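J.: Sequence and predicted structure below; questions after.
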Amino acid sequence: MRILLVEDDTLLGQGVSAGLAQAGWAVDWVSDGLDADAALRTTSYDAVVLDLGLPGIDGLAVLGRLRAAKDATPVLVLTARDTLADRVAGLDAGGDDYLVKPFELAELQARLRALLRRSKGAAGPILRHGRVALDPASRMVLLDDEPVELSAREFATLQELMLNAGRVRTRGQLEDSLYGWGEEIGSNAVEVYVHNLRRKLYAGLIRTVRGVGYVIPAAKT
Ligand code: CA
């Protein structure tokens, strides 16, 4: 899951990006509205955490441009003041949720998980497929109700494929969801994660679509 964090407060930006990265999110952090606008036009994100008071162009303008471009990426707005006018402005401009500063990292993460669930059309918090269940909150994966130990990137690969069950993810899409800017990507990293997932879970869970990518087939109903 790849997040764009737009926050000009250096301490807060550092804290939030480090906290999210530690929890397994790929995070790109910008501190200027124009940089945010450029990032959103060139990179595909699962969600945006957007401060409203920014240098360059403000957060509402960034949000306005995003929605004017018919981009439905979920946006969580950060407001400095808990005033009705601020919250209404953020939501009316196309924000999906908001948090008032100061906030706890745990709440930000829970709200992001909820936004992602809604945007991917998942009914409940636990993702299930056949014998596998994945809980984004506890970061636990179960096979036949038994916990399976996965690395952070293996977990993220599995989550991305389960959230997109029935849709083929290319290697590039998987890499984009796993790594932020400037992070080194091994040339066959995704292949290794998929190989490990098949070994730790079961071989038929993830199918290779030759020359395209990987897919977890849609569940039969
Ligand atoms: Ca600010």
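T.: Alright, I've got the coordinates. Numbering: from 1, shown residues only.
J.: Other residues contacting the worst-scoring helix or strand of the chain on mean pLDDT?
T.: Ranked by mean pLDDT, DSSP states H and E, the helix or strand of the chain with the weakest confidence is helix 84-92, at a mean of 87. Contact partners of helix 84-92, identified using CB atoms under 8 Å, 6 or more residues apart in numbering, comprise Leu52, Gly59, Leu60, Leu63, Val77, Thr79, Ala80, Tyr98, Val100. Bear in mind the C-beta positions are built from the backbone N, C-alpha and C, glycine included.
J.: Going along the chain, name the strands of this structure.
T.: Taking DSSP state E as the criterion, the chain carries its strands at 2-6, 26-30, 47-51, 75-79, 97-100, 127-129, 132-135, 140-143, 146-148, 169-170, 207-209, 213-215.
J.: any idea which of those scores lowest on pLDDT?
T.: Sorting the strands of the chain by mean pLDDT places strand 127-129 lowest, at a mean of 90.
J.: So which other helices or strands are in contact with it?
T.: Judged by 3 or more CB pairs under 8 Å, 6 or more residues apart in numbering; DSSP states H and E, the packing partners of strand 127-129 are strand 132-135, helix 152-163.
J.: re the thing from before, how far out from the middle of the chain is the least confident helix or strand of the chain?
T.: How far helix 84-92 lies from its chain's middle: 24 Å, per CA atoms, centre = their mean, to the nearest Å.
J.: Alongside the ion, which residues does this protein contribute?
T.: Asp8, Asp51, Gly53 (CB under 5 Å from the ion).
J.: Show me the one in those that has more neighbours than the rest.
T.: Asp51 (24 neighbours; other CB atoms under 10 Å).
J.: give the contact list for that one.
T.: Val6, Glu7, Asp8, Asp9, Gly59, Leu78, Ala80.
J.: ok, whichever residue of the chain sits closest to the ion to Thr79 distance?
T.: Taking CB to the ion, the ion has its nearest neighbour within the chain at Gly53, 3.7 Å off. Distance, Gly53 to Thr79, by CB to CB, to the nearest Å: 9 Å.
J.: before we move on, the earlier item: could you dump the strands of the chain to TSV with distance to Arg118?
T.: Formatted as TSV, the strands of the chain follow (distance: least, CB to CB, whole Å):
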stretch	distance to Arg118
strand 2-6	15
strand 26-30	20
strand 47-51	10
strand 75-79	12
strand 97-100	9
strand 127-129	14
strand 132-135	17
strand 140-143	22
strand 146-148	27
strand 169-170	20
strand 207-209	27
strand 213-215	22
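J.: Just give the nearest non-adjacent residue to the residue of the chain closest to the ion, would you?
T.: Ala80 (6.0 Å; CB to CB, 6 or more residues apart in numbering).
J.: Now for the residue nearest to Asp97 when sequence neighbours are not counted, how many residues are close by?
T.: Nearest non-adjacent residue to Asp97, counting by CB to CB, 6+ apart: Leu76, 4.8 Å away. Leu76 has 21 neighbouring residues, counting by other CB under 10 Å.
J.: Make 616 the first number, not 1, from now on.
T.: Right, with 616 as the first residue, what we last looked at is Leu691.
J.: picking that back up, which one, of the strands of the chain, ends up nearest to Ala633?
T.: When those are compared by CB to CB, strand 641-645 sits nearest Ala633, at 8.5 Å.
J.: relative to strand 617-621, how tilted is the closest one?
T.: Orientation check (axes from the mean of the first three to the mean of the last three CA atoms, to 10 degrees): strand 641-645 against strand 617-621 gives 20 degrees.
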